[in-house]
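Asks: what shape does this take:
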Amino acid sequence: MTQYQCLSLASFAELQQQHNDLQIVDIRQPEVFALGSIPGAINLHAGNVDRFLLEGEYDLPLVVVCYHGISSQNAAAYLVEQGFEQVFSLDGGYDGWAKQQGLIAQ
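Replies: As a prediction, this is how the structure comes out:
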């Protein structure tokens, strides 16, 4: 059985450069997602997860993002169970990425 992998911020940047078709799903609440997100990310929540599973690209790399990289691990495991082949949980989450980008203070 395939398992998700934890992905460092540095490895995430490399993966973004390697894959133009990288899927990024952000599982934070919609109102928080609206305040800022990783470019290209879609907000995945209870209201749209069924549609995402129907329309998802199961063979493309998929990175799951949350606040700090904890909740994304459970979501990543769930998406693997649903049949996604290459699933990653972003270590540090959106906060880590935003700090790296200089969008929020260290």
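Asks: and the strands in the protein?
Replies: In the chain, the strands defined using DSSP state E lie at 5-7, 23-26, 42-43, 62-65, 87-90.
Asks: for Thr2, give me its contacts.
Replies: Counting by C-beta atoms under 8 Å, 6 or more residues apart in numbering, Thr2 makes contact with Val80, Glu85, Gln86, Val87. C-beta here means a position set from N, CA and C on the backbone, and glycine is covered the same way.
Asks: where does the prediction get shaky in this protein?
Replies: The model of the chain has pLDDT under 70 over residues 1, 106.
Asks: okay, now the residue lying closest to Tyr4 once chain neighbours are set aside: neighbour count?
Replies: Once flanking residues are discounted, Tyr4 sits nearest to Ala76: 3.6 Å by C-beta to C-beta, 6 or more residues apart in numbering. When neighbours are defined as other C-beta atoms under 10 Å, Ala76 has 27 of them.
Asks: and what of Pro30?
Replies: Around Pro30 there are 12 other residues, counting by other C-beta under 10 Å.
Asks: could I get the strands of the chain as a markdown table with distance to Ala13 and mean neighbour count?
Replies: Listed next are the strands of the chain as a markdown table, based on distance: least, C-beta to C-beta, whole Å; neighbours: other C-beta atoms under 10 Å:
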| stretch | distance to Ala13 | mean neighbour count |
| --- | --- | --- |
| strand 5-7 | 10 | 17 |
| strand 23-26 | 12 | 24 |
| strand 42-43 | 19 | 16 |
| strand 62-65 | 11 | 28 |
| strand 87-90 | 11 | 25 |
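Asks: right, I'll call it a day here.
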